[in-house]
Each structure stands twice: as C-alpha cells, then as structure tokens.
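Peer 1: have a look; sequence and predicted model below, questions after that.
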Amino acid sequence: MAADSEQLQNDDQIIICRQVHKWFDDFHALRGIDLTVKTGEVIVIFGPSGSGKSTFIRTINRLEEHQKGDIFVDGIELTHDIRNIEAIRSEVGMVFQQFNLFPHLSVLQNVTLGPIWVRRLPKQEADDKAMEILERVGIPEQANKYPAQLSGGQQQRVAIARALAMEPKIMLFDEPTSALDPEMIKEVLDVMHELALSGMTMLVVTHEMGFARGVADRMLFFDEGLVVERGAPDEIFLEPKEERTKLFLSQILQH
Amino acid sequence: MESITPEVLRPIRTLGPIAWLRRNLFNNWYNVVLTFIVLGVIYKVLIGLINFLLQANWDPVTTRPVLYLVGQYPAEELWRIGLAVFIISFLFGISWGNWGDLVQTFAYLIIAGSAAAAFIPSTIISVSWPVRIFFLVNITLVFVGRAVGRSRFGKPRTILILWLISLPIVIILIYGFAQSEFMPVVLTTLWGGLMVNLLLAAIGIAASFPVGVILALGRRSSLPVLRWFCIGFIEIVRGVPLITILFMASIILPLFLPGDIRIDRLIRALIGITMFSAAYMAENIRGGLQAIPLGQYDAAKAIGLNSTLTTLLIILPQAIRLVIPAIVGQFIALFKDTTLVLIVGLLEILGVGKAILGGNPQWVTSQTEVYLFVAAAFWVFTFSLSRSSRHLEKALGVGER
C-alpha cells in the first residue's frame, strides 16, 4: 500500500528540476535549483528582483536555456533537441508580466492562433473553444476587439485565455499582476484562483501574498539564484526560518 | 452637498485680421523690415510667373500629348492600353468604395484627369470624339467600381487579390501575344511616356518587396553564409548610384551572357531597378523587424510556434505595418528615379520631352514649358501617393498602441 502510493507519487511528478544552473555571460543567475512539482500543485515563487525567479520559470519552457543540471517536464527531458522543446512548449502555458499579446490580431485570433497553427484544429472548432475559454475568463464580449482597446486587466485575462487554449498541463505565471493598475489586479487574481481550484499545475512568480496564502501548496523564496527557503504558506508566513525571508516578508507586508 | 458649479466655457479669443497682422508680422521693427522684404520677393516671383505664363508656348506639350503618355505605341493598338486603363480605374473605384480615404486622392486624380481630357476645348488639344467618350466611360467606371466596393462584394482581401492579378493582366494586354492577329506583340522599344514610368515603378516595387523581405530576414539569419551574402548584397547595392546599376544592367550584363541570350532592354532596366529598390526595402524592413519587442518572440514560442511560423504570423505582419510609410516614401523616390532609364535609351516621359525638343528646333526656346509639364505630371502622382500614405498610417494605427 505504501509502495503503491510512493509509485503514484513518482508518476505524478510533472516537473523535475535537478541542480539547474544558468549563467548570463559571467553572471551566475541560477546556482543549482532543485524542485519537484506534482500534478495539480500550485507553487508560488517570490523574492527580491534579480534573484533569478523569472529566469527559473523561463527555463522550464526553454525561453531561457539552462547550462547545467536536468529538467524533465511531463516525462520529456529538455535538451537541445528542438522537437523536445516544441513538445514541452505545447504542454506548458505561460503568462507574462507585460501580457505580450499580439497587437495586430484580434482577441479571438490571439486565442486561436496556437490551436490552429500548432494543434492543427479546424478554425470553427478553435473559435468555439476560444469563446468557451473567453467565457471562463469573463470577457467573451471583447472577442473581436484588438488588445490595445482593452484595459490591462482584460489584456492579461486574454493572455491567460491564449495560454489555456493550448490545453496545457502546466501554467507558468511570470509576475502576472505587476504591470497592472491596482483596481485590475483582483480580476486577474480571481481567474488564477479559479484555475488553481480546477486542479491546474501552476508555477507563479508573484508578490501577491493574499493569493499565495489562499491557493499555494508550497512557496519558494529565491535570493541570489538560490532557493533560500521553501515550505507551505503557513510555515513561510508564520514561522520563517531564514533571516533573509523574514526581512523580505517584513518589507513587502509592511503596507 | 457640493453646490453645482455653473458650466465654465473656455474663453474664445478671436483676432481680427488687422490685429493678427500686427501681432504676427509687424510686432517690432525687424519683423516689419522682414515682412516688406518677403512681400517684395513674392511680388517679383509672381510677376515673373505671370509674364512666363502669358508668353509660354505649350505647343511642344499639346501637339503630341499621346507621346507623353504612351510613347510610340502604335495607334491601332491603343485600345489595349485603354482597356488596361479601364481595369485600373475600375479597381481604384472598388478600392475607393471599400477603403475610402486611402485611395480617395487617386480616385479624384483619375476623375479630374479624365474629365480634363474629355472636355478640353479642341483649340487647345485636339481630342477625337471616341477618345472623349472613352474618358467619360472611364469616369463612370470609377463610380461603378465605387458602388461595387461598397456592396457586399467588396472585401479587402478580394480587392488585394484583384490588384495582384491585375498587374500581370495589364502587362500582357500591353505586350500582347506572339503569333496573334488580334493582339500582336508590341515591342518594348515602342513603349514610352508616363506608361513606362508607372510600369517600372509599380513592377519594381512589387518585385522588390518579396526580395527585400528575404534579404532582411537573411541579414538576421543565424546561418553565416546566408547572412554574409545578404549583408554584402545590401551594402554593395546601397553604396552605388542607381545610374551605375542601370548602366551595368544594360551594357555590362549582356557582355557576360552568351551571345544567343538577349534580354529585353526594358527588362534589364527593370532588373536593375528591382535590385536597387530591394536593397533599400530590406533595410526598411529590417528597421521594422528590430522594432518588434522581444516579448512577442517569447509569447510566440510559449504557445509552441516554430520559428518559421513566428516570423510569418507574428513578426513580419507587425514589422511591415511599421514600415509602410517608409515603403511608400521609397515608392515615391523610385517613381521619380524611373526617369533615369532615359540614359539607357528608354523613352520614358522625360525622355519623350527631350526627344521632342531635340527633334523640333523651332521649339528650342520652350524647354521650360516641357520640363514644367513633366515635373507637374510627377507631382500630381507623388502628391496623391503621400496623401494616401498619411491616411494609410492613420488606418493602420487602429487597434495599436
């Protein structure tokens, strides 16, 4: 019985990172990151700017190349093999701080681009699915507008819809609310909250501690390219072990 | 509760004409001096212009207007050019109906030009009745096209495709078919006038666009051989005047080709123009490519697009949109540069003017009139182009920023 659940856990490990290193020229950005993520887990990564947290989640879909260590995503190893990279990218959705919507395409076209050109879905089917997803993120009425006509919060929800349209197994969020005006943060967090509850595996770089407390299974505190501390939200918030974590939390929670 | 403040109107300050003059032209002693100097210069220029226009002899222009338009194209085949004009006018009409402001200036240009040709008194230029009717039909076609463009048949994509296929159709119409009784070949040595300028510019820009895109992408390629070839081509061609390239294309190129291969003179000029234009086009497009934020590449990769699809679907459409104003500017420059083909012996509009002056000694004093006419003809087209370009910029701005 115990062995069975152990086995199940191993099968459930959707992301495995072992001793991941990354250099930008001489700058050692990631200094040996270990992380195993189980299916359905929500991981919140936080830390000071320049600590390597964005770089780390960008290595998981190869927007940044790691130079040492191993990364396995859904059983596929990230290597130089472009086929592996493309296979992983179509399993991993990503949402960026600056939204990065395609400004020359309508909202609907932004969302259907991947399904039509990567998944080879017929246009009608892709459109129908896109409308369902836009419904889910609460902006079906904006389908035919262009990104520049939407508010920041709406744009970020389109970006989430665009990622979801590929039916990813994992979603990466790189500071999804940092570029938003305060009154729009909630609408994006609500969508992410709903997504987390639906069982999506999520890696979220954010300083929204309310979100972390609400849905994170684990939190990772990054500093200087290392995971300084990790643990459940309660442990991190109530009894952080490391001085740096305490200091950082006191700085961001002051207000 | 706050009291409701009465609506405050922005104060409107108007200046009477005399107050305006005082404030802007006569507000201190040196502006008074400058104003009088400028008035003096304007007076002199106006008097000179009026004198010139009163004495001008427009005979070198009005006697054989067809030469300026189509060169020595045989009179019995002129109906083919008429048909080509119909096609183009109709397409401009459709585009006008669908795109509005974008091509409005061109539509007005066609209408005004046709109306002028249809109604000009025979004492100035003798125009036969069939030709006058032709121009009236042409005006009608613009309006019929406009109605079609506004109907449900007018879709931007359809119109673009129609434009693309119209170019080869027009060329075939003008050139004709070998061994055809109905539409015999008219050799390019007989082509001339404004028609050659327009054809060279239109084909040149259409052909240099894809070449320029490939060169621009090649210059950013990670394959060293391809990259160095593209850089070499672009930098060499851009470092050389167009005249040199035209000379090379028309005189040196045939020396390297086997004797039995003869390339038509017009085609050689066209190849030169296309190469020249493609190098500049490549640099324009490269500028657009560099303006695309890196986040666009990240986003495209993140949804799994490979690099070819990323370039075709995400990067190029945005880059080209950014550089359309520059491309229109390049088109205007190229259109004016087509006059240079006269040095390799093609009788484009300026060449026609020179030939007429050279062949008729009695008109030797009328050079100014001929060159003014040619300049005016160019100005009318380039002005329409830059007006369209401004509307195009506005239209493309929709949904961006």
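Peer 2: That came in fine, so what should we check first?
Peer 1: got the end-to-end distance for stretch A:62-77?
Peer 2: Start and end residues of stretch A:62-77 are separated by 11 Å (CA to CA, to the nearest Å).
Peer 1: if you look at that stretch, does any of it touch chain B?
Peer 2: Yes - residues of stretch A:62-77 contacting chain B under CB under 8 Å from any CB of the partner chain: A:62-63. Placement of C-beta: from N, CA and C, glycine included.
Peer 1: and stretch B:79-99, what's buried?
Peer 2: Applying a neighbour-count criterion of 16 or more other CB atoms under 10 Å in any protein chain shown, one finds B:80-82, B:84-99 buried in stretch B:79-99.
Peer 1: shouldn't B:M281 be in contact with B:P210?
Peer 2: No - contact criterion CB atoms under 8 Å: B:M281 and B:P210 do not qualify, at 9.2 Å.
Peer 1: ok, the two, which is more surrounded?
Peer 2: Ranked by neighbour count (other CB atoms under 10 Å in any protein chain shown), B:M281 and B:P210 place B:M281 first, with 27 against 11.
Peer 1: nearest spatial neighbour of that one, skipping sequence neighbours?
Peer 2: Using CB to CB, 6 or more residues apart in numbering or on different chains and skipping the chain neighbours, the partner closest in space to B:M281 is B:G212 (2.7 Å).
Peer 1: what helix or strand does that neighbour sit in?
Peer 2: Using DSSP states H and E, B:G212 falls within helix B:193-219.
Peer 1: any idea of the mean pLDDT for that helix?
Peer 2: For helix B:193-219, mean pLDDT is 92.
Peer 1: just checking, what packs against that helix?
Peer 2: Judged by 3 or more CB pairs under 8 Å, 6 or more residues apart in numbering or on different chains; DSSP states H and E, the packing partners of helix B:193-219 are helix B:65-70, helix B:156-175, helix B:224-238, helix B:265-290, helix B:316-337, helix B:349-359.
Peer 1: which residues does the nearest residue to B:R80 once chain neighbours are set aside contact?
Peer 2: Counting by CB to CB, 6+ apart, B:L173 is the residue found nearest to B:R80 once chain neighbours are left out, at 4.9 Å. With contact set as CB atoms under 8 Å, 6 or more residues apart in numbering or on different chains, B:L173 has these partners: B:80-81, B:83-84, B:87, B:183.
Peer 1: report the two of the residues you listed separated the most.
Peer 2: Farthest pair in the contacts of B:L173 (CB to CB) is B:I87 and B:M183. Separation: 14.8 Å.
Peer 1: elements contacting the helix or strand hosting B:V61?
Peer 2: Here B:V61 sits within helix B:59-62, counting by DSSP H and E. Under the contact criterion of 3+ CB pairs under 8 Å, 6+ apart, helix B:59-62 touches helix B:349-359, helix B:367-396.
Peer 1: could the ones you listed be laid out in JSON lines, adding mean pLDDT, distance to chain A and mean neighbour count?
Peer 2: Formatted as JSON lines, the helices and strands packed on helix B:59-62 follow (pLDDT from 0 to 100; distance: least, CB to the nearest CB, whole Å; neighbours: other CB atoms under 10 Å in any protein chain shown):
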{"stretch": "helix B:349-359", "mean pLDDT": "89", "distance to chain A": "39", "mean neighbour count": "19"}
{"stretch": "helix B:367-396", "mean pLDDT": "87", "distance to chain A": "9", "mean neighbour count": "16"}
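Peer 1: now the residue nearest to B:R80: how far from B:I81?
Peer 2: 8 Å (CB to CB, to the nearest Å).
Peer 1: quickly list what's touching both of these two.
Peer 2: The contact sets of B:L173 and B:I81 do not overlap (CB under 8 Å, 6+ apart).
Peer 1: point out where chain A drops to low pLDDT.
Peer 2: A:1-11, A:254-255 (pLDDT under 70).
Peer 1: check the offset of the helix ranked longest in it from the chain's centre.
Peer 2: Longest helix in chain A, counting residues (DSSP state H): helix A:182-197. A distance of 13 Å separates the centroid of the chain from that of helix A:182-197, by CA atoms, centre = their mean, to the nearest Å.
Peer 1: swap in stretch B:190-204?
Peer 2: Worked out by CA atoms, centre = their mean, stretch B:190-204 lies 11 Å from the chain centre.
Peer 1: could you list the buried residues of it?
Peer 2: B:191-204.
Peer 1: residues contacting that stretch, please?
Peer 2: Outside stretch B:190-204, the residues that touch it by CB under 8 Å, 6+ apart are B:66-74, B:81, B:167, B:171, B:174, B:266, B:269-270, B:273-274, B:277, B:331, B:334-335, B:338-339, B:341, B:346-349, B:351-352, B:377, B:381.
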